[in-house]
Each structure stands twice: as structure tokens, then as C-alpha cells.
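In: need a 3D model of the following:
(one chain, ligands or ions: 2)
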Amino acid sequence: MIDLGASQPFASGYNRHCFRHPDDPLLCLKVLRPENIEARYQRQPLAKKLLGKRRIDDNAQELKAHQQSAIQRLLSQGHAETVWQHLPRFHGSQPTTLGHANVSELLLDDQQQPAPTLEQYLQRRGFDQPMADAVRRFCHWLQHTGILTRNLLPHNLVIVTRNHQPELFLVDGLGAPTIPDKLAALPAWRQRYIARRIQRFYRRIEWELGDRAHSWEQSQKL
Ligand SMILES: Nc1ncnc2c1ncn2[C@@H]1O[C@H](COP(=O)(O)OP(=O)(O)O)[C@@H](O)[C@H]1O
Ligand SMILES: [Mg+2]
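Out: Ligands and ions are numbered 1, 2, ... in the order given. A predicted model of the protein is given here:
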């Protein structure tokens, strides 16, 4: 059991706290924020409550997302390097004193500190040419591999320098939990789904760069 009693998270999303592994500073441990899981659960209608809490357990969803056919096919065909070009290496689940953690590669900047997100980059430097090129490479990788994701959000993409250029890594939002496996197995359908995620990703980047006069949800309805 990993003891996180003396640790502080280096970052937190809405649903999970992220810690550096106390015995291995190159690993990231993500544990659920129980208060948010409970709040989300309580907000659901009864019919959805009956389906249980696992549906809204982001660690369980992420474990399942790594089992998706596009990833498993690449791994079994010896193309692991392609998978981990834009995803942190994933090491499954481990018990900790704060509950089960998903264990992944910790993405680091040049000072060996946790690397910034695309959201932070856009705020500091805007959508400059090196980042436009990085986004294009990331989107090409999605289309080329057929890996399915949820909506792509800048705070869920971390930027790492590889071969002297920035590269995006998806740290959260892998998988398409609402899509039936049979549909996801159809290549033409998958390409359409991915094209829509990419379109929406560019719209989201524009929204992040704008005055945010409307919330993201509102701006989608305009
Ligand atoms: N593997 C990682 N390497 C570096 N930073 C990470 C990594 N995973 C997550 N982070 C940081 O932690 C934040 C929260 O992680 P995330 O998985 O998005 O949590 P949540 O599920 O709560 O949204 C991210 O926005 C990012 O800043
Ligand atoms: Mg997140």
C-alpha cells in the first residue's frame, strides 16, 4: 500500500488529486476526490443512480479506456511507441492510503517539474506557430491511430518538449464511454467521431483565447 499521508497533490482536477509517487518521482498517482464523486452522484436522476457509482469513477473509466481496441491492437502488434507518443505511459491501478490510484508516467518540464497544460500555455503565449504545429501533430495521431477520446479540453493536455519541439499529451479524457463497442469498431464511424472531436477542439481553443463573454456551454449554442 502506497502511503500518501505526508504528500500534497502537485495538481488537482475537478475529480482527482494528482500526486508524485513518494518512492518514484517519475510516476503520477491519481486518486478520486470523494467529495466530488458523491456530489456528482447525488445530482443524478434516480434511474442513473441505480447504475451505480462506477459509471462516474474516473479511474475505473480510464482503466477501461486503455482497453479500447485501437490501443490494444497497436500494443499487440508491437507499436507501443505509437501509443505513447501522445499519452502518458499507463501502469494500471495501485492501492494507496487515499484509495485506489491510477499510475502513469509523470510528464515533466525542463526543470524536472510537472509540465504545464495547453490551457496555461494559451494564457501565457497564445496559439503561436509551434503550438499550432503541435496541435496538428496530435490531431493527426488521433486520426492515424483511431484512438477514441472524449471532448478534448486544453486543461487535460500537457505540453512536453520532445526533439526540441512541444508535443501534446492527453492526461485525462481518454475513451468514449457512451459509445457501444460495435459502433466503435466501424472504421468509417470512428473517423467521423474523431473528426468531430477535432473540430470541437479547435473551437474550444478559440474560445479559450477569446473574451469568454459567453460560457463554453452557451457559446456552443450560439
Ligand atoms: N501524467 C501527468 N503528468 C503531469 N501532469 C499531470 C499528469 N496528469 C495530470 N496532470 C496535471 O493534473 C491536472 C489534473 O489531472 P486530471 O487527470 O485532469 O484530473 P481530473 O480527472 O480531476 O480532471 C491536469 O490538468 C494536469 O495539470
Ligand atoms: Mg481533467
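
In: can you pull the residues of this protein lying near ligand 1?
Out: Proximity of the chain to ligand 1, by C-beta under 6 Å from any ligand atom, involves residues 11-16, 18, 28, 30, 58, 88, 104-107, 114-115, 117, 155-156, 158, 171-172. No exception for glycine: its C-beta is placed from N, CA and C like everyone else's.

In: now the helices: where do they sit in this protein?
Out: All helices of the chain, identified by DSSP state H, fall at 34-43, 46-49, 58-65, 69-76, 80-83, 118-125, 129-145, 181-184, 187-209, 216-221.

In: circling back: mark which of the residues of the chain next to ligand 1 are buried, thanks.
Out: Members of the residues of the chain next to ligand 1 that pass the buried threshold by neighbour count (16 or more other C-beta atoms under 10 Å) are listed as 13, 15-16, 18, 28, 30, 58, 88, 104-107, 115, 117, 155-156, 158, 171-172.

In: which strand is the longest one in the protein?
Out: Of all segments of type strand in the chain, defined using DSSP state E, the longest is strand 24-32.

In: other SSEs contacting that strand?
Out: In terms of contacts (3 or more C-beta pairs under 8 Å, 6 or more residues apart in numbering; DSSP states H and E), strand 24-32 is packed against strand 16-21, helix 58-65, strand 90-96, strand 99-105.

In: how far away from the center of its chain is that strand?
Out: Mean C-alpha position of strand 24-32 versus that of the full chain (C-alpha atoms, centre = their mean, to the nearest Å) differs by 15 Å.

In: can you list the residues of this structure near ligand 2?
Out: For the chain, the residues in contact with ligand 2 under the definition C-beta under 5 Å from the ion are 13, 156, 172.

In: can I get those in JSON lines with distance to residue 140 and pLDDT?
Out: As requested, the residues of the chain next to ligand 2 are arranged in JSON lines below (distance: C-beta to C-beta, whole Å; pLDDT from 0 to 100):
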{"residue": "13", "distance to residue 140": "26", "pLDDT": "95"}
{"residue": "156", "distance to residue 140": "19", "pLDDT": "98"}
{"residue": "172", "distance to residue 140": "21", "pLDDT": "98"}
